[in-house]
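Undergrad: Next come a sequence and a model predicted from it.
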Amino acid sequence: MPPSCASQTAMPFPLRCLPWRLGGAAGLSSGEALRFAEVMVVATPCPLPIAAPVAFLGGMSRAARNGIIVKHGGTHEQLARIRTAVFDKTGTLTHGRPTLVEVRLAGGAGTRAGESELLALAAAAELHSSHVLAASVVESARNHALEISAPDDAVEHATDGVAASVRGHRVLVGKRELVETSAGAIGEEPLASGELAVYVGCNNVYAGALIMSDPLRGNVVPMLARLSGLDIRRTLMVTGDAQATAKHIAALAGMPEVLAGCRPEQKVTVVRSLEPRPVMMVGDGINDAPVLAVADVGVAMGARGSAAASESADVVIMVDDLSKVADAVRIGRDTVRIAVQSIWIGIGLSLVLMVLAAVGQVPAVVGALSRELVDRATSPNALRALKFNERAIGGQPAAPRAATALNMPESS
């Protein structure tokens, strides 16, 4: 059926009624009404409804083969235009498997038995917590062959820690601010580079801290270099961790901006206000689910991340490999480029056929067959999105940039 003006409103062409005008001019100038019909037969908008969906489906298939689930075809368009990338720290830029470095009792002195008791109480309180640090505390206690008692009751304070009753003791485990709610003001534990502290209170008294270390992933620096090469103009870390720990990890990664001490609602506010847009947020934890949902493109590290994060995200990386973030952006850009190329190939062939038909060189029957040839030309080109430049996925690391810290008070 010949296309109407209304059917061509989505065409990336300034004169959307060109077939009607060209056909009308050909018919009037030649005095043959058939000339108008011949032009309209070859005027086809099929590159739009055929080439673009084929390219997007090809891009989604290519991403899936690389361990990346893109939930919607339109996400490729957003990935192709990303200008700002935001990263969570724990489990995203770091491995998300903190290891116990030291058990530090309050007052700076204590026995090995006291350290073991503190670790056992903390592990018992954290036993049913969903936080990655809680799992590490429990694993550390088990590695030391400590008995972990089931808590009588436990209440998890989102992003802050856990309060629980363990063997008759009221135990608080988590951020310093949580322990201070019952134990009063306590000082911050001195930490070496990259370390973090899990504070423990027992029966309204500060009992000590578990010093943990979570190293940077080895492929963060080359991944950020690849994003820079893909025209990502701004990268930053937004985390709930203390500023000293976050700044250290950012410096190792070459991340230019750091926002530390952010609660989930603060992360949402930050991502909504960032420029330039579109903004991509990468995270893995249950606390990242709200900010993944409000970002222009939410990317969840789904291999070991929370189900809530994967549900909220537009893209889920199914392997524990942060370099797939850059792969997702690259595939999105390749997919959109191939889709646009295929559309213009189809439109260009249609224009050539319309001009030939207008001067009487393409009879109606030949024109009808040539429309099928246009479709056959655009579809294979769109299928290039399945494997386009597959060997080129990857990149060379660039020199890291110096990190600076943007002041934000730690969450309470």
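TA: Great, that's in hand.
Undergrad: what about the helices in this protein?
TA: Taking DSSP state H as the test, the helices found in the chain are 18-30, 33-42, 52-65, 74-80, 112-125, 132-143, 176-183, 220-229, 243-253, 264-273, 289-294, 307-312, 324-358, 364-382.
Undergrad: looking at the ones you listed, which is closest to V101?
TA: helix 132-143 (9.8 Å; C-beta to C-beta). In short, each C-beta sits where N, CA and C put it, glycine included.
Undergrad: could the helices of the chain go into CSV alongside mean pLDDT?
TA: Output for these, formatted as CSV (pLDDT from 0 to 100):
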stretch, mean pLDDT
helix 18-30, 69
helix 33-42, 75
helix 52-65, 92
helix 74-80, 94
helix 112-125, 92
helix 132-143, 92
helix 176-183, 91
helix 220-229, 96
helix 243-253, 90
helix 264-273, 94
helix 289-294, 94
helix 307-312, 90
helix 324-358, 88
helix 364-382, 76
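Undergrad: Rebuild these as JSON lines, extending it with mean neighbour count and distance to T94.
TA: JSON lines is the format used below for the helices of the chain (neighbours: other C-beta atoms under 10 Å; distance: least, C-beta to C-beta, whole Å):
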{"stretch": "helix 18-30", "mean neighbour count": "17", "distance to T94": "56"}
{"stretch": "helix 33-42", "mean neighbour count": "22", "distance to T94": "59"}
{"stretch": "helix 52-65", "mean neighbour count": "20", "distance to T94": "25"}
{"stretch": "helix 74-80", "mean neighbour count": "21", "distance to T94": "24"}
{"stretch": "helix 112-125", "mean neighbour count": "21", "distance to T94": "21"}
{"stretch": "helix 132-143", "mean neighbour count": "20", "distance to T94": "9"}
{"stretch": "helix 176-183", "mean neighbour count": "19", "distance to T94": "20"}
{"stretch": "helix 220-229", "mean neighbour count": "20", "distance to T94": "9"}
{"stretch": "helix 243-253", "mean neighbour count": "22", "distance to T94": "6"}
{"stretch": "helix 264-273", "mean neighbour count": "16", "distance to T94": "17"}
{"stretch": "helix 289-294", "mean neighbour count": "22", "distance to T94": "18"}
{"stretch": "helix 307-312", "mean neighbour count": "19", "distance to T94": "16"}
{"stretch": "helix 324-358", "mean neighbour count": "22", "distance to T94": "14"}
{"stretch": "helix 364-382", "mean neighbour count": "17", "distance to T94": "39"}
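Undergrad: Could I get these in a markdown table, plus columns for distance to V155?
TA: Formatted as a markdown table, the helices of the chain follow (distance: least, C-beta to C-beta, whole Å):
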| stretch | distance to V155 |
| --- | --- |
| helix 18-30 | 68 |
| helix 33-42 | 71 |
| helix 52-65 | 40 |
| helix 74-80 | 37 |
| helix 112-125 | 10 |
| helix 132-143 | 13 |
| helix 176-183 | 11 |
| helix 220-229 | 35 |
| helix 243-253 | 26 |
| helix 264-273 | 18 |
| helix 289-294 | 20 |
| helix 307-312 | 19 |
| helix 324-358 | 35 |
| helix 364-382 | 54 |
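Undergrad: if I pick the nearest residue to L353 once chain neighbours are set aside, what's in contact with it?
TA: Distances taken as C-beta to C-beta, 6 or more residues apart in numbering place V42 nearest to L353, at 3.9 Å, with adjacent residues excluded. Going by C-beta atoms under 8 Å, 6 or more residues apart in numbering, V42 touches 350, 353-354, 356-357, 362, 367, 370-371.
Undergrad: ok, now M223?
TA: With C-beta under 8 Å, 6+ apart, M223 has these contacts: 322-323, 325-326.
Undergrad: can you list the domains in this protein?
TA: 17-93+217-412, 99-213 (automatic domain parsing).
Undergrad: Do me a favour and get the end-to-end distance for the last one?
TA: End-to-end span of domain 99-213 (C-alpha to C-alpha, to the nearest Å): 5 Å.
Undergrad: Check the contacts of M223 and tell me the two furthest apart.
TA: For the contacts of M223, and using C-beta to C-beta, no pair is farther apart than L322 and A326, which are 8.5 Å apart.
Undergrad: Beta-bridge partners for the residue nearest the centre of the chain, please?
TA: Closest to where the C-alpha atoms of the chain average out (C-alpha atoms, centre = their mean) is V299, at 2.1 Å. Beta-bridge partners of V299, counted by DSSP bridges, are V282, V315.
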